[in-house]
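J.: here's a sequence, model it:
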Amino acid sequence: MEEMNQKKKAVVLLSGGLDSTTCMAVANDEGYELYPISFNYHQRHIIELQSAKNVAAHYHVKKHLIIETNMDMIGGSALTDKSIDVPEGDPDRDDVPPTYVPARNLIFLSYALGYAEVIGASAVFIGVNAVDYSGYPDCRPEFIEKFQSLADFATKTTAVDGNNIKIETPLQHLSKKDIVLLGTKLHAPLELTRSCYKGGDVACGVCDSCRLRLRGFKEAGIEDPIAYATRE
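T.: As a prediction, this is how the structure comes out:
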């Protein structure tokens with residue numbers, strides 16, 4: 001009887017941004033016990049980890065796991081190599097921008113899958129988005145489908161015991177406007193979030209990520225609750 005009364009568990013990839021926080025709100029609304037996982041990958045905008053901690057505290061989670069992995073050693077991204085400038089002003093680009101971090105979601109999902117097996121979680125939630133996503137290949141539905149196929153054979157839980165760990169992507173086909181509306185509806189603590197790639201004390205308002213976020217709030221008819229150095 002005690003096992004029957006236990007809540008189902010979900011690992012949630014939590015960066016501290018708008019999308020991941022809304023994704024966590026969805027998992028919470030669906031009745032999961034939340035186990036957020038965040039990453040210190042020596043990113044330029046490491047200040048986002050404080051937002052992740054604040055969001056985790058808001059939901060009173062049992063444990064917030066923070067993994068350190070030094071992806072700056074690989075480099076190749078404006079988010080991990082400070083010699084590469086963070087681009088400004090083109091949220092509608094359809095090429096892969098310099099803020100793409102090679103294999104980041106593949107690496108993060110692999111950690112999350114292993115964590116899910118250890119704690120007995122039946123789902124991993126990730127806030128990837130194929131509409132307003134800045135051209136990242138590891139945010140596309142095809143990537144998630146392939147990772148799910150791999151995950152089904154990757155662990156003892158899935159390959160031997162036959163217990164599925166589902167990769168959940170509730171924001172996959174939503175626009176930024178829709179994400180803002182969903183987060184607001186679910187009372188996600190959007191005031192605690194941060195989406196800026198530049199890593200300053202205040203969100204810049206001009207990088208691609210800030211512009212996408214600001215446009216989403218504007219189209220939703222909702223005031224973005226965080227401070228910006230510039231609002232256009």
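
J.: thought I67 was touching N40?
T.: Yes: here I67 reaches N40: they are 7.2 Å apart, a contact under CB atoms under 8 Å. Just so you know, the C-beta spots here come from the backbone N, C-alpha and C atoms, and that holds for glycine as well.

J.: so for the biggest strand by length in the chain, what gets flagged as buried?
T.: For the chain, the longest strand by residue count, based on DSSP state E, is strand 33-40. The neighbour-count check on strand 33-40 (16 or more other CB atoms under 10 Å) flags L34, Y35, P36, I37, S38, F39 as buried.

J.: so which of the residues you listed is the closest to F108?
T.: Within these, the smallest distance to F108 is 6.0 Å, found for F39 (CB to CB).

J.: what pairs with that closest one across the strands?
T.: On DSSP bridges, the residues paired with F39 through beta bridges are I67.

J.: hmm, it is touching F108, no?
T.: Yes: F39 is within contact range of F108, at 6.0 Å (criterion: CB under 8 Å).

J.: mind checking the longest helix of this protein?
T.: Secondary structure of the chain read by DSSP state H shows that its longest helix is helix 104-119.

J.: list of residues touching that one?
T.: Helix 104-119 is contacted by residues 9, 11, 13, 35, 37, 39, 41, 65, 67, 69, 71, 121-124, 126, 128, 136, 138-139, 143, 147, 151, 154-158, 165, 167 when judged by CB atoms under 8 Å, 6 or more residues apart in numbering.

J.: PyMOL command to pick out the buried ones of the residues you listed?
T.: Here is the PyMOL command that selects only those of the contacts of helix 104-119 that count as buried (16+ other CB under 10 Å):
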select buried, resi 9+11+13+35+37+39+41+65+71+121+122+123+124+126+128+136+138+139+143+147+151+154+155+157+158+165+167
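
J.: related to what we said a few turns ago, check the offset of the longest strand of the chain from the chain's centre.
T.: Once both centres are worked out by CA atoms, centre = their mean, to the nearest Å, strand 33-40 turns out to sit 10 Å from its chain's centre.
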